[in-house]
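Trainee: 3D model of this:
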Amino acid sequence: SDLIGTDLITFFGSNVASNQPVMMKYLYHAKKAGTQIAVVNPYREPGMDAYWIPSDMESALFGTKISDQFFQVRVGGDMAFLHGVAKFIIEQGWHDKRFVENHTAGFDELKAYLDGLTWREVETLSGVARDEIERYARMIAQAEKAVFIWGMGITQHTSGEDNVHAIINLALLKGF
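Mentor: Numbering: from 1, shown residues only. Next comes the predicted model:
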């Protein structure tokens, strides 16, 4: 029920079709209900482009495209991508200022850090062009409800904890 009815689901560093096939049925139903699904990963998992849900006749016969958008970060580029997305959301004023003020700490420090990052650095470190980063930021900005899911592709880095903090910071910017 957390997935069906949300506006956006994003998978970070997770190959859900291969590693969590039961979840694919719920993603299928979420898509049918209008949810957008984005994937941020170095590996473009084929199952997110064409997956066969056996309990649905149409999907079982023809397959179903699960992901709407794929953002191919370079290995280790997740945090730079996330920082770029947060940077753009803040620059555009798309963050939930009231939520941030009332329910978070350290926003000014985060903003100062992001302001110090150049777009060239973000693009180089993430491996993703600025317009793609901005496209994902728009998806987040337009969502009233979102679910961010990460897997071992995020946590099994020397910066795994920082990667998770970057995802959480992004969610908190919108009050998710």
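
Trainee: where do the strands sit along the protein?
Mentor: Taking DSSP state E as the criterion, the chain carries its strands at 8-12, 36-40, 69-71, 146-150.

Trainee: check the offset of stretch 104-119 from the chain's centre.
Mentor: Here stretch 104-119 shows a centroid-to-chain-centroid distance of 19 Å under the convention Cα atoms, centre = their mean, to the nearest Å.

Trainee: CA atoms only: put it into CSV for me.
Mentor: Output in CSV follows, covering the C-alpha atoms of stretch 104-119 (Å, rounded to 0.1, in the frame of the first residue of the first chain):
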residue,chain,number,x,y,z
THR,A,104,15.1,19.2,10.2
ALA,A,105,18.5,20.5,11.4
GLY,A,106,21.5,21.6,9.4
PHE,A,107,19.8,23.0,6.3
ASP,A,108,22.0,26.1,6.2
GLU,A,109,25.2,23.9,6.3
LEU,A,110,23.8,21.6,3.6
LYS,A,111,22.9,24.6,1.4
ALA,A,112,26.3,26.2,1.9
TYR,A,113,28.0,22.9,0.9
LEU,A,114,25.8,22.5,-2.2
ASP,A,115,26.3,26.2,-3.2
GLY,A,116,30.1,25.4,-3.1
LEU,A,117,29.7,22.6,-5.6
THR,A,118,30.0,23.6,-9.3
TRP,A,119,27.8,21.9,-11.9
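
Trainee: contacts for it, please.
Mentor: Residues outside stretch 104-119 that contact it (Cβ atoms under 8 Å, 6 or more residues apart in numbering): 83, 84, 86, 87, 90, 100, 101, 130, 169, 172. Using the backbone N, CA and C atoms, a C-beta is placed for each residue, glycine as well.

Trainee: and for the third one, the neighbour number?
Mentor: The burial metric for residue 86, expressed as a neighbour count using other Cβ atoms under 10 Å, is 24.

Trainee: please report how far residue 174 lies from residue 86.
Mentor: 10 Å (Cβ to Cβ, to the nearest Å).

Trainee: hang on, I meant residue 45
Mentor: From residue 45 to residue 86 the distance is 25 Å (Cβ to Cβ).

Trainee: cool, residue 77 as well?
Mentor: 15 Å.

Trainee: again, but for residue 148
Mentor: Taken as Cβ to Cβ, the span from residue 148 to residue 86 is 13 Å.
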